[in-house]
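Asks: could you work out the structure for the sequence below:
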Amino acid sequence: MSERAGTARRRPPHVVWTLVLAPIGVFLTALDVVVVSTALPAIQRELGAGLADLEWTLNAYNLAFACLMLTGAALGDRFGRRRMFVAGVLVFSLASAAAALSQSAAELIAARVVQGAGAAVIMPLTLTLIVDAFPASRRGTALGIWGGVTGLGVAAGPVVGGAITEGVSWQWIFWVNVPVGLALAALSAVRLRESHGPRSRLDPLGLVLIAAGLFALTWAPVRAPAIGWGTLEVIGAALSGALLVGAFVAWERRARYPMMPLGLFRVRGFVTANAIGFLQQMSIIGSLFLLSQMFQVGLGYSPWEAGLRILVWNGTVMVVAPIAGALADRFGDRPVLIGGMALQGAGLGWVATVAQTGVGYGTLVVPLLVAGVGIALCLPPVANLVTSSVPFEEAGVAAGVNSAMRELGSVFGVAVVALIFASYGGYTTSSTFMDGVQPALWAASAIALAATIPAFLSPRKPDVRPPMIPAEGMVAGPRADGRSQVPPGEVRASKGGRGR
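Replies: The predicted structure follows:
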């Protein structure tokens, strides 16, 4: 028997279950980011929703999702990652049922806020559960599967939303979450291994400051397309967000039980991975926002037909991401990240070049495929770089920071792309729509290419769970399972934590 076969046979059952259940959780949260988009016309007709109501049907989920990521990670560290993962899935499922039962736009928006809060607990903990279950040598492959399922959720959103809305009703895009979520919660409660972070207490003031700061920062780009970037509301929200985040940083420097060790931001792999994640998500979601409309408004396809045609772009992730994870394990994260961001930028630039009134789908297939391969190459190594650049005990916080940065990127991506589109085109005719598509997609391409800079600066392969120098008066010792125990309040990285 080969060594690999023997290792696979000895693999604990919870590892296999983690590889099944954590990706299902991330699939649910990723799906609901975009699944509502193709159902908006039906929701408008049935609930009598206005344009602002439709915008908030999308944005309410994304706002709660982005603002509460760090809170979800902190709760997992304090009360148990498995326990909070199950709680997040249950909240998400019940909120989905409430959304399906909504009789007004206001009820639907409120349900979407709660749904986003549940998703904010689920998403970072899926990464933490995988990091806890898999050794560093195999984590890239596991995160490749995670990335592929994430891509499947985003890819399936327009298709699933269009199919369910046309075939049954818009309510069923929420009802389908309920049985899946309840089954996931039940299996997770009995099959996943429990783990905790190093923090014995929560940091309530820190939780409030960072949640409020992220909310204000995301509120600004969400409102800007409707009321203008120069308005008092948008400028005030952006400044308030910056001040609140600054207050959070100042508080974390003196808090006895900080929720986020600021020393992590001195670790090159952690910083560059978060910069890549933010820029990549700006490009992806900004492009998706525009491409889903381009196929319908600009090229005349139905929602279902548009979703199928977009699949060649975002559906590539579920095929290529597992391969990308294996490549990162073999060659390191940096070369895969550089190649991925370059391909994503080049592919979107190619789409911008050929996007014009009457363009055939055959002309768009290859550039969409190139961009999709680039997206897929980056998802696993970004997640791996984030979690491998920090001590094991800080993996939950690291995953929360990365997830929050990606969601912030989503909000800013839509705002930037919409602003550029509105400056050059509009919805009057298909021709005027396509006039705005080209410069907006060029912007999305430029954002992706900009991400190659932090990719070049990232370590080829970070030291696995680098040691951290304990805070004064605290002692770091080995845990029962042999992993290093790092105390909370850590603010200084050792030289080994900077990657190579």
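
Asks: ranges for the strands of this protein?
Replies: Under the criterion DSSP state E, strands of the chain are mapped to 468-469, 492-493.

Asks: lowest average pLDDT across these?
Replies: Set side by side, these give their lowest mean pLDDT on strand 492-493, at a mean of 38.

Asks: how long is stretch 252-265 end to end?
Replies: Terminal residues of stretch 252-265 lie 13 Å apart, using Cα to Cα, to the nearest Å.

Asks: I'd like the average pLDDT over that stretch.
Replies: Stretch 252-265 shows a mean pLDDT of 79.

Asks: okay, buried residues for that stretch please.
Replies: Neighbour counts using 16 or more other Cβ atoms under 10 Å place 252, 255, 257-261, 263-264 of stretch 252-265 among the buried residues. All C-beta atoms are positioned from the backbone trio N, CA, C, and that covers glycine.

Asks: torsion angles phi and psi at Tyr427?
Replies: Main-chain dihedrals, Tyr427, degrees, to the nearest 10: phi -100, psi 10.

Asks: quick one: Leu343 from Gly277, how far?
Replies: As for Leu343, its distance to Gly277 is 17 Å (criterion: Cβ to Cβ, to the nearest Å).

Asks: for Thr293, which residues are in contact?
Replies: No, residue 293 isn't Thr; it's Gln. Counting by Cβ atoms under 8 Å, 6 or more residues apart in numbering, Gln293 touches Phe433.

Asks: tell me how far it lies from Glu233.
Replies: 26 Å.

Asks: got it, and Tyr301?
Replies: For Tyr301, the distance to Glu233 - Cβ to Cβ - is 36 Å.

Asks: out of these two, which sits in the busier spot?
Replies: Tyr301 (17 against 13; other Cβ atoms under 10 Å).

Asks: would you mind listing where the stretch 101-250 of the chain has pLDDT under the threshold?
Replies: Counting by pLDDT under 70, the stretch 101-250 of the chain contains low-confidence ranges at 136-141, 143-144, 147-148, 151-152, 154-156, 158, 198-200.

Asks: neighbours of Leu101, how many?
Replies: Leu101: 13 neighbours (other Cβ under 10 Å).

Asks: cool, and Ser37?
Replies: So Ser37, with other Cβ under 10 Å, has 21 neighbours.

Asks: surely it and Val159 touch.
Replies: No: the pair Ser37 / Val159 is not scored as a contact, 11.1 Å apart, by Cβ atoms under 8 Å.

Asks: quick one: the helices in the stretch 101-250 of the chain?
Replies: Ranges of helices in the stretch 101-250 of the chain, per DSSP state H, counting those that start in this stretch, are 105-133, 136-167, 172-175, 177-191, 204-227, 232-254.

Asks: contacting residues for Val176?
Replies: Residues counted as contacts of Val176 (Cβ under 8 Å, 6+ apart) are Ile164.

Asks: now it: how far from Phe27?
Replies: Applying Cβ to Cβ, the value for Val176 to Phe27 is 12 Å.

Asks: ok, now Gly88?
Replies: From Gly88 to Phe27 the distance is 14 Å (Cβ to Cβ).

Asks: close enough to count as contact, Ser389 and Gly269?
Replies: Yes: with contacts counted by Cβ under 8 Å, Ser389 reaches Gly269, the gap being 3.2 Å.

Asks: excluding chain neighbours, what is closest to Tyr257?
Replies: In this structure, Tyr257 finds its nearest non-sequential neighbour in Arg201, 4.6 Å apart by Cβ to Cβ, 6 or more residues apart in numbering.

Asks: distance between stretch 179-198 and the chain's centre?
Replies: The gap between where stretch 179-198 is centred and where its chain is centred comes out at 20 Å by Cα atoms, centre = their mean, to the nearest Å.

Asks: what comes up buried for that stretch?
Replies: Residues of stretch 179-198 classed as buried: 180-181, 184-185, 187-189, 192, 195-198 (neighbour count, 16+ other Cβ under 10 Å).

Asks: kindly report the same for stretch 164-175.
Replies: Neighbour-count burial for stretch 164-175 flags 164-165, 170-175 (criterion: 16+ other Cβ under 10 Å).

Asks: could you export stretch 298-308 as CSV, CA atoms only?
Replies: This file holds the C-alpha atoms of stretch 298-308, laid out as CSV (Å, rounded to 0.1, in the frame of the first residue of the first chain):
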residue,chain,number,x,y,z
GLY,A,298,-27.7,45.2,-24.7
LEU,A,299,-28.0,41.8,-26.6
GLY,A,300,-31.6,40.9,-26.0
TYR,A,301,-31.5,37.6,-24.1
SER,A,302,-34.0,36.5,-21.5
PRO,A,303,-32.8,36.2,-17.8
TRP,A,304,-32.5,32.4,-18.2
GLU,A,305,-30.6,32.7,-21.5
ALA,A,306,-28.3,35.4,-20.0
GLY,A,307,-27.5,33.2,-17.0
LEU,A,308,-26.5,30.3,-19.2
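
Asks: which residues sit against that stretch?
Replies: 38, 41, 157-163, 165-166, 292, 295-296, 309, 355, 357-359, 361, 430, 433-434, 437.

Asks: again, only using 7 Å
Replies: The set of residues external to stretch 298-308 that reach it, using Cβ atoms under 7 Å, 6 or more residues apart in numbering, is 38, 158-159, 162-163, 166, 292, 295-296, 309, 430, 433-434, 437.

Asks: could you do stretch 223-234 as well?
Replies: Outside stretch 223-234, the residues that touch it by Cβ under 7 Å, 6+ apart are 220, 415, 418-419.

Asks: quick check: the farthest pair among those?
Replies: Farthest apart among the contacts of stretch 223-234 by Cβ to Cβ are Ala220 and Ala418. That separation is 13.5 Å.

Asks: more neighbours: which of these two?
Replies: When neighbours are counted by other Cβ under 10 Å, Ala220 and Ala418 differ, and Ala220 comes out ahead with 23 against 19.

Asks: list the contacts for that one?
Replies: 234, 237-238, 241.

Asks: ok, it to Val208 distance?
Replies: 19 Å.

Asks: so what are the domain limits for this protein?
Replies: For the chain, automatic domain parsing gives the domain ranges 13-203+255-469+480-498, 204-254.

Asks: gap between stretch 372-392 and the chain center?
Replies: Relative to its parent chain, stretch 372-392 has a centroid offset of 12 Å by Cα atoms, centre = their mean.
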